[in-house]
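Visitor: quick check, what structure comes out for this input:
(chains A and B)
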Number of protein chains: 2
Amino acid sequence: MKLQERHTGSDFQIKNSSDRIMEKIYNLGIIGFGGMAGHHYTQLSKGNTRVKIKGVYDIKPERLEAARERGLIAYNSREELLSDQDIDIVLVATTNDTHAEICIDALKHGKHVLCEKPVTISSDELLKVMEAAKECGKVFTVDQNRRVNKDYVLMRRVIESGKIGTPYVIESRVEGSRGMPEGWRCNRSQGGGMMLDWGVHLIDQILYMTDEKATNVFCKMYSVHYKDVEDNFRLTLTMESGLTAQIEVSTNNFILHPRWYVLGTEGTLQIDDWACNGRIVLPLSKQNEWATEIAPDRSGPSKTMARRDPSTVETIELSAPTDVSDNLDPTYWQLVDAIEGAPLKITPEQTLRTMKIMEAAFESAKTGKAIDVCI
Amino acid sequence: MKLQERHTGSDFQIKNSSDRIMEKIYNLGIIGFGGMAGHHYTQLSKGNTRVKIKGVYDIKPERLEAARERGLIAYNSREELLSDQDIDIVLVATTNDTHAEICIDALKHGKHVLCEKPVTISSDELLKVMEAAKECGKVFTVDQNRRVNKDYVLMRRVIESGKIGTPYVIESRVEGSRGMPEGWRCNRSQGGGMMLDWGVHLIDQILYMTDEKATNVFCKMYSVHYKDVEDNFRLTLTMESGLTAQIEVSTNNFILHPRWYVLGTEGTLQIDDWACNGRIVLPLSKQNEWATEIAPDRSGPSKTMARRDPSTVETIELSAPTDVSDNLDPTYWQLVDAIEGAPLKITPEQTLRTMKIMEAAFESAKTGKAIDVCI
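Guide: Numbers count the residues shown, from 1 in each chain, chains lettered A, B, ... in the order given. Here you go, the predicted model:
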């Protein structure tokens, strides 16, 4: 596995807010004031020093009212918001099927754009947005906020430490048991389903940690309780080194698998949950002492699967990183830095890779084929 | 999922030995007196009332000596064993690459044959053995002993109970951390590797519980510490109803997954280990009460993955079945019954299906393709 060393470390660090206190404050306009925008509001209200929400537009009157109650301007139309010269950045947090058109509109009004994930519902759409961003000379980025999740950072750091040797399987699972929230998430045409909702994060996390290309995509999708979309999927993503990522998202699991499970040549990593309970288990010696006879143990007669004496392994308990800012600040900081000339960290090209892998996954699920790719 | 109802129950039951005490006793000759044959010796010595070991042939003098120490006849050649008119049944427990030729030889000497798994190392070989059995009019069966493993029977019974609704994913995993025992198991040409060693059991278990045909095979194989064979594999087997079996065998896992994990439409089953520790978890109500706002919990902002209140589920703890004979007796009983005219339960046709799926798995692993099948 070829780790993407250049990203390690600094992306995840909590920055010192006082370093930035005298700098320009950017005004944010929000289009689509639903659940995710409410989360941005809550996070930014905690005191992001570079970005301040000015106002909101939503097609639903009750959401505009909710904005007013929070002391924000409620614009009467999208056009009115986009024409406000004070607005520097637009957050697009509408239903997935409308992202592309709104992003392009915002860029053409001279705004920098932060789009919620999934950036669009097809790579064709995304290419159009990328073209518009280029033409307009504005920054266009995506809220892939789970690149700074503590569980993800911890997993990467364990792999980078070399303790478990070379990883050959990474299992990444997000599981719930409550089905899917009613509404557009259950409709294919609006960009619903678990691949676009959660797959987009879990694929991005894998692609973001390595410079390898993906070579093969195999995916099973299930519509267990929601017929129009996949409410569960299981994706096998193969990278050019042979590293396999097994990515699973479920909404009907009443017993949960661990969040991360990584097989390395020299040991095993498991992170149980978002709180980063977990452990590394390593053999103390590479020598296995086999019994001369096949001893029937509880597995029946097997030498291969005979249990290890627990004294032959070392267990290292893990805990959550304390130097990681597990909120939206890094997303906004990287955007502001890019507006001021630094290289963008969450690039449209990266999200295009993820989008293409999701498209291959849909094709695989539909045809039963494993799709060869070079992404 | 179409369950194979006719097999449920009686296969797994402990039979009353006294019912059989006045019946003919069959003499067994063993060819290949290694680890597995030693296991047969131990099991049969506990008092199988229908089958008694007479003698042994092995190419290694030390194994013949081991047979003599146990009071068995040590034949000087395979021919000598096969020519002994007292021998009714031959157990073939040699290296996998030699099964076919020895089985055919035994059948041609008028013996009934019990072959260790994997029955052969290719379906072509198996077809030749099946032809020989037909020509010679003798019973030919395979020691698929794990059809009576308690964990497997428990898993089937939970599914048959209907408690978890219709199963759509069955995860079956056997994991060790001690690598592979030295010797022929590490050589491709001798039929080594984890697919033929353990895959053969786990695939047979899935096929044996349903009348559905398999439609698709996708498999990743890994040679982590043994270069000539796969010491780990991950197989996705799709059945015609869409049911997916995820079968994994590993020899380098220092943290173990559960033995069984089954997703049903109405609940989840997990069996942790061979000892049948496990549970079913079911929702008490189908109604999910969603928060109106996206509540950031430890998963970050997500309604879909928000945790359930534990009071909304029911947990049923499981334990090992007590009416199941988890040893080799059922294998021998079904063989003796078949010799006496009953339909054979472990048929060559069944093992041919498993063999063809393993061949598709090897092809998939080699080519990166998902292989469409109708098996």
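Visitor: contacts, neighbours, all on C-alpha from now
Guide: Fine.
Visitor: would it be right to say that A:E230 lies in a strand?
Guide: No: checked against DSSP: H, G, I helix; E, B strand; the rest coil, A:E230 lies outside a strand; its state is coil.
Visitor: identify the residue spatially nearest to it, adjacent ones excluded.
Guide: Ranked by CA to CA, 6 or more residues apart in numbering or on different chains and with sequence neighbours excluded, the top spatial neighbour of A:E230 is A:S223, at 4.7 Å.
Visitor: now do that neighbour: how many residues are near it, please.
Guide: 13 (other CA atoms under 10 Å in any protein chain shown).
Visitor: likewise for A:D204?
Guide: The number of residues near A:D204, taken as other CA under 10 Å, comes to 21.
Visitor: just give the nearest non-adjacent residue to it, would you?
Guide: A:T354 (5.9 Å).
Visitor: okay, buried residues for the longest helix along chain A please.
Guide: With secondary structure taken from DSSP state H, chain A has its longest helix at helix A:348-367. Within helix A:348-367, the residues scored as buried using 16 or more other CA atoms under 10 Å in any protein chain shown are A:348, A:351-365.
Visitor: who does it touch, helix- and strand-wise?
Guide: helix A:123-136, strand A:140-142, helix A:200-208, strand A:214-222, strand A:371-372 (3 or more CA pairs under 8 Å, 6 or more residues apart in numbering or on different chains; DSSP states H and E).
Visitor: what's in contact with the first one?
Guide: By CA atoms under 8 Å, 6 or more residues apart in numbering or on different chains, the residues outside helix A:123-136 that reach it are A:100-101, A:103-104, A:107-108, A:110, A:119-120, A:139-140, A:348, A:352, A:355-356.
Visitor: is it true that A:A360 touches A:T215?
Guide: No: A:A360 lies out of contact with A:T215 (CA atoms under 8 Å); the separation is 10.9 Å.
Visitor: tell me the contacts of the residue lying closest to A:N96 once chain neighbours are set aside?
Guide: Counting by CA to CA, 6+ apart, A:G191 is the residue found nearest to A:N96 once chain neighbours are left out, at 5.1 Å. Taking CA under 8 Å, 6+ apart, we find A:G191 in contact with A:T95, A:N96, A:D97, A:I121, A:W184, A:R185.
Visitor: take the residues you listed and keep only those in helices.
Guide: Counting by DSSP H, the contacts of A:G191 contribute nothing to helices.
Visitor: now these in JSON lines, with pLDDT and neighbour count?
Guide: What follows is the contacts of A:G191, written out as JSON lines (pLDDT from 0 to 100; neighbours: other CA atoms under 10 Å in any protein chain shown):
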{"residue": "A:T95", "pLDDT": "93", "neighbour count": "18"}
{"residue": "A:N96", "pLDDT": "92", "neighbour count": "23"}
{"residue": "A:D97", "pLDDT": "93", "neighbour count": "20"}
{"residue": "A:I121", "pLDDT": "92", "neighbour count": "23"}
{"residue": "A:W184", "pLDDT": "84", "neighbour count": "15"}
{"residue": "A:R185", "pLDDT": "85", "neighbour count": "23"}
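Visitor: of the contacts of helix A:123-136 - the most surrounded one?
Guide: Compared across the contacts of helix A:123-136, A:V119 has the highest neighbour count, 31 neighbours, by other CA under 10 Å.
Visitor: could you pull out the helices in the stretch 151-300 of chain A for me?
Guide: Secondary structure of the stretch 151-300 of chain A by DSSP state H, counting those that start in this stretch: the helices cover A:194, A:200-208.
Visitor: what's the most buried one of the helices and strands packed on helix A:348-367?
Guide: Stretch with highest mean neighbour count among the helices and strands packed on helix A:348-367: strand A:140-142 (a mean of 26; mean count of other CA atoms under 10 Å in any protein chain shown).
Visitor: does that strand reach chain B?
Guide: No: for a cut-off given as CA under 8 Å from any CA of the partner chain, strand A:140-142 has no contacts with chain B; the smallest distance is 16.0 Å.
Visitor: got the contact list for that strand?
Guide: Under CA under 8 Å, 6+ apart, the answer for strand A:140-142 is A:112-117, A:119, A:130, A:133, A:335, A:344, A:346-348, A:351.
Visitor: change it to 7 Å
Guide: Residues outside strand A:140-142 that contact it (CA atoms under 7 Å, 6 or more residues apart in numbering or on different chains) are A:H112, A:V113, A:L114, A:C115, A:E116, A:K117, A:V119, A:A133, A:I346, A:T347, A:P348.
Visitor: give me the beta-bridge partners of the fourth one?
Guide: Translated: A:C115. Under DSSP bridges, the beta-bridge partners of A:C115 are A:V92, A:V142.
Visitor: isn't it right up against A:D143?
Guide: Yes: with contact defined as CA atoms under 7 Å, A:C115 and A:D143 form a contacting pair (6.1 Å).
Visitor: next, the nearest residue to A:Y26 once chain neighbours are set aside: phi, psi?
Guide: Nearest residue to A:Y26, sequence neighbours excluded (CA to CA, 6+ apart): A:V51, at 4.7 Å. Per-residue torsions, A:V51: phi -130, psi 130 (degrees, to the nearest 10).
Visitor: residues near A:V51, how many?
Guide: Neighbour tally, A:V51, other CA under 10 Å: 21.
Visitor: rewinding a little: nearest to chain B, out of the contacts of A:G191: which one, please.
Guide: A:R185 (10.0 Å; CA to the nearest CA).
Visitor: contact partners for that closest one?
Guide: A:R185 touches A:G191, A:G192, A:G193, counting by CA under 7 Å, 6+ apart.
Visitor: what residues does chain A put near chain B?
Guide: A:35, A:175-176, A:178-181, A:224, A:253-255, A:263, A:265, A:267-268, A:274-275, A:281-282, A:288, A:293-294, A:298-299, A:304-306, A:369-370 (CA under 7 Å from any CA of the partner chain).
Visitor: phi, psi for the closest residue to chain B within the stretch 201-350 of chain A please.
Guide: As assessed by CA to the nearest CA, chain B sits closest to A:M305 within the stretch 201-350 of chain A, at 4.7 Å. Backbone torsions of A:M305, given as degrees, to the nearest 10, read phi -100, psi 10.
Visitor: for A:G29, helix, strand, or coil?
Guide: Quick answer, by three-state DSSP: A:G29 is strand.
Visitor: hang on, isn't it packed against A:V90?
Guide: Yes: using CA under 7 Å, A:G29 is in contact with A:V90, at 4.8 Å.
Visitor: A:N187: neighbouring residues, count only.
Guide: A:N187 is flanked by 16 other residues according to other CA under 10 Å.
Visitor: try A:D84
Guide: By other CA under 10 Å, neighbour count at A:D84 equals 14.
Visitor: picking up where we left off before, can I get the longest helix of chain A in CSV? Just the C-alpha atoms.
Guide: Provided in CSV are the C-alpha atoms of helix A:348-367 (Å, rounded to 0.1, in the frame of the first residue of the first chain):
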residue,chain,number,x,y,z
PRO,A,348,-13.3,18.5,-7.2
GLU,A,349,-10.9,16.0,-8.9
GLN,A,350,-10.9,13.9,-5.7
THR,A,351,-14.7,13.9,-5.5
LEU,A,352,-14.8,13.0,-9.2
ARG,A,353,-12.8,9.8,-8.4
THR,A,354,-15.3,8.9,-5.7
MET,A,355,-18.2,9.6,-8.0
LYS,A,356,-16.8,7.4,-10.7
ILE,A,357,-16.3,4.5,-8.3
MET,A,358,-19.9,4.9,-7.1
GLU,A,359,-21.0,4.8,-10.7
ALA,A,360,-19.0,1.6,-11.2
ALA,A,361,-20.7,0.2,-8.0
PHE,A,362,-24.2,0.9,-9.4
GLU,A,363,-23.2,-0.8,-12.6
SER,A,364,-21.8,-3.8,-10.8
ALA,A,365,-24.9,-4.1,-8.6
LYS,A,366,-27.1,-3.9,-11.7
THR,A,367,-25.2,-6.4,-13.9
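Visitor: I'm done for today, thanks for sticking with me.
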